[in-house]
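Q: 3D, please:
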Amino acid sequence: MRQRAKRLAIAIIVTVADIVAFNIYFGVIWLAWGWNPRVKAALVALLRVWIASETGLWMHVSNDLRRTPRERASGLTSNP
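A: Numbering: from 1, shown residues only. Take a look at the predicted model:
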C-alpha cells in the first residue's frame, strides 16, 4: 500500500508542476512564435503529446490504485 501512495504522490506532483510550467511559459512562447503557422502547429502538436503523456500517467496510477498486489501477481503468471 505504501508504494501506491508514493506513486500517487509522484503523479500529483508531476501534474501540478506541468500545470505551473504551462501557465508560465506557454503563453509567452505562443505570443513570441505564434505568428508563424508552422511553429503554431508544432506547438499544438507538442501540447497534444504533453496531454497524452499526462493521461497515460494517470491511467497507470488509477489502474494501480484499483488492483491489489495479489491480482497483480496472479496476472503476471501464466499456467499452461
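Q: which strands and helices lie in contact with the strand or helix carrying Val20?
A: In this assignment (DSSP states H and E), Val20 forms part of helix 2-21. The contact analysis (3 or more CB pairs under 8 Å, 6 or more residues apart in numbering; DSSP states H and E) places helix 2-21 against helix 37-66. To be clear about C-beta, it is placed using only N, CA and C from the backbone, and glycine gets the same treatment.
Q: give the contact list for the residue nearest to the spatial centre of the chain.
A: The chain has Glu54 as the residue nearest its centroid, 1.7 Å off, counting by CA atoms, centre = their mean. Contact analysis of Glu54 by CB atoms under 8 Å, 6 or more residues apart in numbering lists 14-15, 18.
Q: gap between it and Val20?
A: Counting by CB to CB, to the nearest Å, the gap from Glu54 to Val20 is 13 Å.
Q: next: Ile12.
A: For Ile12, the distance to Val20 - CB to CB - is 13 Å.
Q: returning to what we had before: by how many degrees do the helix holding Val20 and helix 37-66 diverge?
A: 160 degrees (axes from the mean of the first three to the mean of the last three CA atoms, to 10 degrees).
Q: what's the next helix or strand after helix 2-21 packed up against?
A: Next along the chain after helix 2-21, taking DSSP H and E as the criterion, comes helix 27-33. Applying 3+ CB pairs under 8 Å, 6+ apart, one finds that helix 27-33 contacts helix 37-66.
Q: re earlier: measure the residue nearest to the centre of the chain to Ala11 for me?
A: 9 Å.
Q: then Arg4?
A: 11 Å.
Q: tell me which element Trp35 falls in.
A: Per DSSP H and E, there is no helix or strand for Trp35.
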